[in-house]
Structures are given as structure tokens and as C-alpha cells.
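Peer 1: Provide a 3D model corresponding to the input given below.
(chains A, B, C and D)
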There are 2 protein chains.
Amino acid sequence: MEPTAPQRRVTIVDVARHARVSVTSVSKVLRNAYGASPEMQTKVRRAIEELGYRPHAGARGLRGQTYTIGVMLPDIRNPFFPEILDGVTDSLEETDYQVFLGPGCNGEKAEARVTEAMIDRGMDGLVLVAPVSSRAHLEHVAGAVPTVVVGRHGSSPAYDTVADDDTEGAALVVRHLVGLGHRRIAHIEHHETDPTRLAEMPNARRADGYRQAMRVHGLEEFIDVISTSYSQEGGHRAARELLGRPTATRPTAVFAGADIAAMGVLDAVAEAGLSVPGDLSVAGYDNTTFAAYGPISLTSVDQCGQEMGRNAVRLLLERIADRARPSTKVILSPRLVARRSTARSAE
Amino acid sequence: MEPTAPQRRVTIVDVARHARVSVTSVSKVLRNAYGASPEMQTKVRRAIEELGYRPHAGARGLRGQTYTIGVMLPDIRNPFFPEILDGVTDSLEETDYQVFLGPGCNGEKAEARVTEAMIDRGMDGLVLVAPVSSRAHLEHVAGAVPTVVVGRHGSSPAYDTVADDDTEGAALVVRHLVGLGHRRIAHIEHHETDPTRLAEMPNARRADGYRQAMRVHGLEEFIDVISTSYSQEGGHRAARELLGRPTATRPTAVFAGADIAAMGVLDAVAEAGLSVPGDLSVAGYDNTTFAAYGPISLTSVDQCGQEMGRNAVRLLLERIADRARPSTKVILSPRLVARRSTARSAE
DNA sequence: GTGAAAGCGCTAACAG
DNA sequence: CTGTTAGCGCTTTCAC
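Peer 2: You can find the predicted model right below:
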């Protein structure tokens, strides 16, 4: 194994020579481009097969495409994101494109590093999932390479957008809880101060949707938003605050803006020696595998991550084909999945 | 945003012109190569800064390196793998290398596609986590690019290896359960028939370690291995079989070879109206975030994923620097994390 | 220490 | 429909 010199890669020239044709013809066959007779095709394909030739993506990228799509996920640990990724990879399965993921990014700096790295590697298209970067940076990226932003609202002429209707999703939860007789329904939001993100990020939409829905149901006086973060720790902290209140102002139901925060709530409830849904109904958002897990059985909102991924790819391929086409925004409807963590209010 | 033509990228030629030096000099500065005076360095760096130049990785790769490391994870959903990834990215943070992930791969075919794609993109080094491919394929990959295999035993002169001592990990669990007074301890393994994988994959080692440890504790007659798979469904199926037995042969403790399978066990136990650890002690392997989650509190074995990732990077960079250096195998010691899912046997 | 020039593997523009 | 050739942006000889 050791002594063999790092074997020279088979190149397009080798294939051309082997097939007794020009490199152009080989290139055309590789790209399924117009202008190669059927016999030429078979000759070339045979040579490729026999030599085990594989085109070098970097070299291709120097003139044409690299056939590489980059996907940036904010947090690989959040079980919602793999759903989107599945939608992306499934849609790309039959194409010549290959997907690569940027490593988990939290924060603008890490995002910038990853997006720049993707551009530097000549990737043909980017799918950015729930990016926190400024609009300006997103538009800079989109100016360099076709880009689809997933899970963030504010649209731009520079890139396409796929998102879930978070306002509606929040309303679904409130409606469900009201239907179960709850009135004191609290909401745990991900704290946000940046004005752009306040307008564009899903967490802000969910909080807004909650407030709107409470008003619609005549429960304005019970609006109760705890501002922590979409994390287990954030949910835990929020729950402790809620459970520490006197019974009169303690909510009978909690709507956490993300399953991961709902996990923290469930943990805190157990620690307090209380039970779900007996003492408190809990709902989340994202319909993660965690929520679906039997012993947890968390009521949640399903965003159809796979569908989001599929739409992102469709838009991306369209834009790669025609960079001038007007930008598009796709909004998908969420769906409530009721489970055992929510029950009729005792009151 | 629309009308601006896809702006031409700043190239090394632009930088050279701007700094009034040769492209060779710029290239040297970029690579921190020998033979550039301090004043040259500053001149060039200033020009790079002023023009916002970023080298094109594909073009670099045509002659030198792409400064890209590829990581292949078998399943992005398994909460253990992000740990390894963290170790990898942390170690690479201060270097010029950028990490990209291959999308989740299950099966040899998908693995081959991803590894080939990484090679085609001129990646400088690969970290393959728990690959299921044949030895031959791994050595083929390692022949093309420096490679470290993580979480798989059989070593090879062609690549370096980092793994956890799975035999010892299994022994830790058995010892723990025996210490709690258990004797009828069952094990759930991931079914394996392929002879290579039987020898090299962690699941086989864990099952072996379980058998050995049972013998060591004089419990040979109680050896009880259920062969399903490392998945929630597999754990569920195994647990149903175990719980369906007459009390006399029903185990008092179950050691699942992976947390993900332990999840299935917990689910089945709950469905059967039984409780953990009252009716059954349950232990897993991997110490995932799931195991650490309060309401679950699953006893598990910690593999120090981050440490594995850090070691993988160290070995990879060493091999990139010297492709002839003898291959190395690093074995890390696992650590038992006892939690509430295991308790003293009632017997 | 610095620079000119060849060439990495491929695609695109052009001739035939 | 097929082939020849000039680059893409960089690193690497090899002169100076």
C-alpha cells in the first residue's frame, strides 16, 4: 500500500486518446451538451468506464460549474434540520449535483466564514437554512452565487425564499389549547433585539402569531410572553419562572416556540414534581423526532421540512438555469400534531 | 441588485498589480511559503485587504491544495456524531483548512458516492466516521487522499484509525449492573453478518465485550443477546420480545448497544405499563444528549467524541505533512455515566 | 529574494 | 457533428 506512488489521476485527455476522439467531444458527453452523435456518446462512455475516469470538479469549476451545492445549517443538533436536508438530498439524487454541508454555524462570524468558503470553492448554488446574518451579507452572497434562504421571512430580489407560515403555526397552537379550555396560555420566545431579525426570523413571527391569536380569542388580558431562548436551558429557565408564580397567575398551558425549548419545560416540570399534561399542558414547534418519541409525546407544529428542502432545490436549480428570473418566495402551511402533552384544562 | 453583472472576482493577478509585485510573490505570501521578505509580506497583505481578495480554492487545488477537509458522518440524526464533528472543527479553527460534511450516508453505495465526490473535489484530507464500506474501498480512498477512519477497529497501513475501546465500554456497563445486583442482564446488538464488519465494527465489539464480561463475572449461563438493530425500532422490537417472556427468564436489566436503541426500549417499557428502573434497568452507549436529558436520565457510556475528533485531525494533518509516515491507531478509553435508568435489582 | 512562464484539467469559442 | 486552441486562477519550476 505504501510504496505505490500517488497514482496519477485519469484525465479527460486520457479518455479522449483511449476513445480516439477529441477532448471537446468527451467534455460534451460529460455535460450532456448538444452536439454529440449517439455513436460518439457510446464510444466515450465506454472509454470512461474502462479507464474509471471521473472529472475533476475543481478544474471544471474554473470554466464552468463544479456540480456542487452547499447547504448551511445553523445547528446540526436540532433534529428539525435533518428533515430539510433530506428534502434537499432526495431532490438532488438523480442530478449530477453533489451536496456538501457547512459545519454548524452559530453567529454571524461563523456564517460568514462558511458562506465565503462555499463561494471560494466555486459551489454552484447555496441553501442557507435560518441564517442570522444581515440582509446585506445575504445579498452579497446571493450576488456571487445563486442562493435560496430557508426558514427566514423577509424576501429579497437577490435570492429566493422558502419559509413556513409561522404566524399561522402559532395560531394553530393557540386555537388547539383554547379548544381544550385553556385561557392562561403562556408563550416562550427566543429573545431578539436586532430590528432586521425581529422582522424576518421565525421566532419573532411565532411570538406575533401567538399575540394575534390570543386577541382573536378574546384572551388579550392573558397574553404572557417569557423571553429567553430556543434552547433546553432557555425553556427550563422560562418554566421555572412560570412555575414559581402564585397559582392565580400561573398558566395552565405553555406554548414553547421550539421543541428544544419545550424539552427544557418538560424537564423543569418533572423537577418540580409536577406532571404533564395534568398540571400543565405543553406544546412545541418543529415536530422533531424528540416530540414524536413515545414517552415524551409532545404536541407540536410540523413545518414539513422535507417539503421545504424540495422547494429550495427546485428554486435553486431554476435560478442556476436562469439567473435573471424574478425572485420567488414560497410559504408552506404548517400542520398541528396533537399528542399527549396537551389535555383539557382542569379549570 | 438584479442588473449588476455577476461581478468579476478579484484574482491573484489583480493583487499583484495593485501591490506592484509578481504573482509568484503573492502566491508565496498566501501559502506562508519560504522566500518572501517582511516588507513584501506587508505590501501583499495590504493589497489583499484593500481589494478584498480571496483565493479560489478550485484553482489552487489544480496545482496544490484546496485547504478543504471532508467529514463523512453515517447519520446526522444520531446525536453522538456532532460531538466528533465539534472536535474536528475546533481543531481546525485556527488553521487555513475548512471543513465540509458529506450528507448522511447509510449503505456502501451512498458512502462510495460521497467519498468519490470528496476526492473529485480535490479535498486534502478525509475523516470517515464509522464507515460501513469494505476494507478495499477504504484503502482505495486512502490511496487517493490522506484518510482517518473513526469509530471502526481493524487498522490498515493505508489509513490512520481512531476508535473507542468498545470491549471495555461494554465491560463497564456489565460491571455496573452486576454491582447493582443484576444477573439476568440482556444485550441488544446490531445484527451483523458481513465478516469484515463483524471484526471491525463497534457493534460487534460491544457484543463481544458483553459476553466476555458476563463470563468474567461468572454469569455465562445468563448471556442473552437479542439481535436487532441500533435504531429506535430495533430497540423497541427487542424489548417487546424480552418483556413478553415469562417472569422466570425475563431479564432484570438490559444493555442496549446504542442510546438510540435504548430509546426504543424505554418506549416499549412505557407502553407495557412498566417502569424504569423499577421493573427494568436500562443502559445505553454513546452518552447522547438524549441520555443526558433529565426526564430520561439514561445510564450510558461516554466515548469522548470531541477527543476522537481532535485526534482524527491531528493524525490527518500529520499525514498531509508526511504521507509516508507509518499508520497509527489511537484507542480512547470510554467512561461510564451512571444515571437514574439503572438501579439496584429487586431480586 | 524576486519574477517570468509553463501547466494543472477542464470548458468555451471558434474552425472546419 | 467534430476537432483545435485559448484561457479559467493558481502553484511550481527555473532563471535572474
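
Peer 1: How about the contacts made by A:Ala272?
Peer 2: Listed by C-beta atoms under 8 Å, 6 or more residues apart in numbering or on different chains, the contact partners of A:Ala272 are A:240, A:243. No exception for glycine: its C-beta is placed from N, CA and C like everyone else's.

Peer 1: switch the cut-off to 10 Å
Peer 2: A:239-240, A:243-244, A:279-280 (C-beta atoms under 10 Å, 6 or more residues apart in numbering or on different chains).

Peer 1: same deal with A:Phe255?
Peer 2: A:170, A:173-174, A:176-177, A:182, A:185-189, A:206-207, A:209-210, A:213-214, A:225, A:261-262, A:265, A:281-285, A:299, A:301, A:342.

Peer 1: Can you flag the buried ones in those residues?
Peer 2: A:170, A:173-174, A:176-177, A:182, A:185-189, A:206-207, A:209-210, A:213-214, A:261-262, A:265, A:281-285, A:299, A:301, A:342 (16 or more other C-beta atoms under 10 Å in any protein chain shown).

Peer 1: can you list the residues of chain A near DNA strand D?
Peer 2: A:20-25, A:28, A:34-37, A:39-40, A:59, A:62-63 (C-beta under 7 Å from any atom of the strand).

Peer 1: which of those residues sit farthest apart?
Peer 2: Within these, A:Glu39 and A:Leu62 form the most distant pair, 29.9 Å apart (C-beta to C-beta).

Peer 1: ok, those two, which is more surrounded?
Peer 2: A direct count of neighbours by other C-beta atoms under 10 Å in any protein chain shown for A:Glu39 and A:Leu62 places A:Leu62 higher, at 14 against 8.

Peer 1: returning to that earlier point: out of the contacts of A:Ala272, which end up buried?
Peer 2: Buried among these by 16+ other C-beta under 10 Å: A:239, A:243, A:280.

Peer 1: quick one, what contacts the residue in the stretch 101-250 of chain A positioned nearest to DNA strand C?
Peer 2: Residue nearest to DNA strand C within the stretch 101-250 of chain A: A:Gly122 (10.9 Å; C-beta to the nearest atom of the strand). Contact analysis of A:Gly122 by C-beta under 10 Å, 6+ apart lists A:57-58, A:60-62, A:64-68, A:145, B:9, B:56-59, B:61, B:121.

Peer 1: repeat that for 8 Å
Peer 2: Listed by C-beta under 8 Å, 6+ apart, the contact set of A:Gly122 reads A:58, A:61-62, A:65-66, A:68, B:56-58.

Peer 1: wait, which of the contacts of A:Ala272 is closest to DNA strand D?
Peer 2: When the contacts of A:Ala272 are compared against DNA strand D (criterion: C-beta to the nearest atom of the strand), the nearest one is A:Ala239, at 51.8 Å.

Peer 1: Name the nearest residue to that closest one, ignoring sequence neighbours.
Peer 2: A:Ala268 (3.6 Å; C-beta to C-beta, 6 or more residues apart in numbering or on different chains).

Peer 1: count of residues packed around A:Val13?
Peer 2: Other residues lying near A:Val13 total 10 when counted by other C-beta under 10 Å.

Peer 1: average model confidence for stretch A:249-264?
Peer 2: In this model, stretch A:249-264 has a mean pLDDT of 96.

Peer 1: ok now it, how far from the chain's centre?
Peer 2: Taking C-alpha atoms, centre = their mean, to the nearest Å, one finds the center of stretch A:249-264 at 22 Å from the center of the full chain.

Peer 1: Endpoints of that stretch, how far apart?
Peer 2: Stretch A:249-264 has an end-to-end distance of 21 Å (C-alpha to C-alpha, to the nearest Å).

Peer 1: Equivalent analysis for stretch A:310-329, please.
Peer 2: 14 Å.

Peer 1: Is that stretch positioned near DNA strand C?
Peer 2: No: using C-beta under 7 Å from any atom of the strand, stretch A:310-329 stays clear of DNA strand C, coming no nearer than 12.3 Å.

Peer 1: what's that stretch in contact with?
Peer 2: A:69, A:84, A:87-88, A:90-92, A:95, A:124-127, A:146-148, A:150, A:155-163, A:330, A:332, B:2, B:6.

Peer 1: Mind doing that once more with 6 Å?
Peer 2: Residues outside stretch A:310-329 that contact it (C-beta atoms under 6 Å, 6 or more residues apart in numbering or on different chains): A:87-88, A:91-92, A:124-125, A:127, A:146, A:148, A:150, A:155, A:157, A:160-162, A:330.

Peer 1: Give me the mean pLDDT for that stretch.
Peer 2: On average, stretch A:310-329 scores 95.

Peer 1: how far out from the middle of the chain is it?
Peer 2: Distance, stretch centre to chain centre, for stretch A:310-329: 17 Å (C-alpha atoms, centre = their mean).

Peer 1: so what's the residue nearest to A:Asn287 when sequence neighbours are not counted up against?
Peer 2: Excluding its sequence neighbours, the residue lying closest to A:Asn287 (C-beta to C-beta, 6+ apart) is A:Asp302, at 3.8 Å. Counting by C-beta under 6 Å, 6+ apart, A:Asp302 touches A:287, A:335, A:337.

Peer 1: Chain B contacts on the stretch 101-250 of chain A?
Peer 2: Residues of the stretch 101-250 of chain A found near chain B (C-beta under 6 Å from any C-beta of the partner chain) are A:101, A:103, A:117, A:120-122, A:157-158.
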